[in-house]
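Student: Below is the structure, and that's it, no one-letter string:
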């Protein structure tokens, strides 16, 4: 065997692949179907015209989300490399890979905090009486009221209640106080750390330990675990859905959730929300899907897999909304309030509104345990692949050292430990402010849209959409729908850049609860988090171009020449004999 062939074969066999096709599908489902399907999509749907919101949602799904999702999975499988080295397909744009790794690193630090909160709630739910269901606790103030009592308070005006010295307009719900004063123990601002909350620190440590022991042996091990973490949430969601639709007032909630308000389609914000939700929901532009695709066998029919995964993802969003709003409809009827007054977005829905609704159900601790267990499982899947999307690129950079099992286990342990301590500040009493800074800036829609635009430019315009179609033909053995080529070249980059500019124009500095304004230094820190990822693409490209020798034309040719293995070269592209080791393609480099 020739020397070059030996190098290539060694490179191909030393890297893990999925044990079975279903491992890949379950991992993608586990990643794509996450917390956003349960708490972000339903809120955006009711906020932006109910059923009418499905029009911009499906529009951007077809024009941007699914085409980009397929592009990333196909790129990872074709290159058999992670989201960093996978951009050898167009070396000028390897800054995209660096940006992806940074974005994922930031996201992994703060996203797991949601799981730590859920784990804390889960433990406290294993009681006969849920601790947020009443005001008889040390953390409650004289202004605290229970959810059921609030029905009475909401019907009076400026009447002093002598027993608890509460006046309407100044009362605070017991679920809100549990969240703010017991779980977060929130200080008055980001400048006040307030010390570490040991219960949350311990909960965060447990979550990182679970992540480590699910990743330490590589994707063959993780691929088995996701069979449980990706499927069991559907069992719980189905149980909550059946329970929800049988509650009094559930129909009102579902109607409010899905009733179309066509007039809202004239609002630019509705279309922006629909577009950004697609990019968030499909976990594109952060390197995760490229990494998952890279563990596929070269001939896997990823095209069919992507259709299955996309259907499950979007279907879960709609069904999850029915489950959530059936309970909110019940809650609104119990409290005699409009549904708009009980619905919330983000952590507020998962840790205030929904838990408060459970206190009004029979056997409330059981429903609380099921709900928070589902939240943990949904989040763990996304955390697994998020961490893998940071680990795999580094392993690919140092394969001789880190692809060995024992060394990989030590490296993963070091990464989890460092990430835990980096996120330690978020379990302080001022941690929620730091959490929001990371959430708002480090993995924002602006970053995803910016990266999506350059991904389509690199693959469809620099490498070439026709060549990428040939590459897919090589992998799956047939030509796919030419519609995707149109999307990759025209609609997806246009949608990405259009939404990016719209978000940039409408950008507003971060506030907490619409009342607390972050100081200038905190806003500057958040903007630096965003720019640290976004600037990787132009800065790397410029430095790479300037460091290359030759004329401008020669430099451009060198930095845009793909670095490919022999098995990645399509026969129709034309071969020339470069040397006695490697038959090489005109205009392509042979990977060593």
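Tutor: Cool, the structure landed. These figures come from a predicted structure and were not determined experimentally. Residues are numbered from 1 along each chain as shown.
Student: Under the pLDDT cut-off, which ranges of the stretch 51-200 of the chain? List them.
Tutor: Scanning the stretch 51-200 of the chain for pLDDT under 70 picks out 144, 146-171.
Student: can you give me the strands in it?
Tutor: For the stretch 51-200 of the chain, strands defined by DSSP state E, counting those that start in this stretch occupy the ranges 144-145, 172-173.
Student: Which residues are in contact with residue 523?
Tutor: Contact partners of residue 523, counting by CB atoms under 8 Å, 6 or more residues apart in numbering, are 509-510. (Each C-beta comes from the backbone N, C-alpha and C, glycine too.)
Student: I'd like to know how far residue 102 sits from residue 108.
Tutor: Residue 102 sits 11 Å away from residue 108, taking CB to CB, to the nearest Å as the criterion.
Student: quick one: which of these two has more around it?
Tutor: Neighbours were counted for residue 102 and for residue 108 using other CB atoms under 10 Å; residue 108 has more, 24 against 21.
Student: Next, work out how far apart the more buried one and residue 101 are.
Tutor: Following CB to CB, the distance that separates residue 108 from residue 101 is 11 Å.
Student: can you count the residues close to residue 489?
Tutor: With other CB under 10 Å as criterion, residue 489 counts 18.
Student: Skipping its backbone neighbours, what lies nearest it in space?
Tutor: Nearest non-adjacent residue to residue 489, counting by CB to CB, 6 or more residues apart in numbering: residue 460, 4.6 Å away.
Student: what's around the one you found, how many residues?
Tutor: The number of residues packed near residue 460 is 24, by other CB under 10 Å.
Student: same check, this time on residue 58
Tutor: Other residues close to residue 58 by other CB under 10 Å number 14.
Student: Could you do residue 416 as well?
Tutor: Residue 416 is flanked by 23 other residues according to other CB under 10 Å.
Student: and if you look at the one 3 residues further on?
Tutor: One way to gauge burial is a neighbour count; for residue 419, by other CB under 10 Å, it gives 18.
Student: ditto for residue 117
Tutor: Counted with other CB under 10 Å, residue 117 comes out at 27.
Student: you'd agree it is up against residue 183?
Tutor: Yes - here residue 117 lies in contact with residue 183, judged by CB atoms under 8 Å, at a distance of 6.4 Å.
Student: Please enumerate the shared neighbours of these two.
Tutor: Common neighbours of residue 117 and residue 183 (CB under 8 Å, 6+ apart) are 200, 351.
Student: quick one: low-confidence parts of the stretch 401-550 of the chain?
Tutor: Using pLDDT under 70, nothing in the stretch 401-550 of the chain is flagged.
Student: can you give me the strands in it?
Tutor: 511-512, 516-517.
Student: Pop out the phi and psi values for residue 84.
Tutor: Torsion angles at residue 84 (phi, psi; degrees, to the nearest 10) stand at phi -100, psi -60.
Student: roughly how far apart are it and residue 16?
Tutor: The value you get for residue 84 to residue 16, if CB to CB is used, is 16 Å.
Student: Residue 425 too?
Tutor: Distance of residue 425 to residue 16, computed by CB to CB: 34 Å.
Student: same thing with residue 367?
Tutor: Distance from residue 367 to residue 16, by CB to CB: 40 Å.
Student: Residue 546 too?
Tutor: As defined by CB to CB, residue 546 lies at a distance of 37 Å from residue 16.
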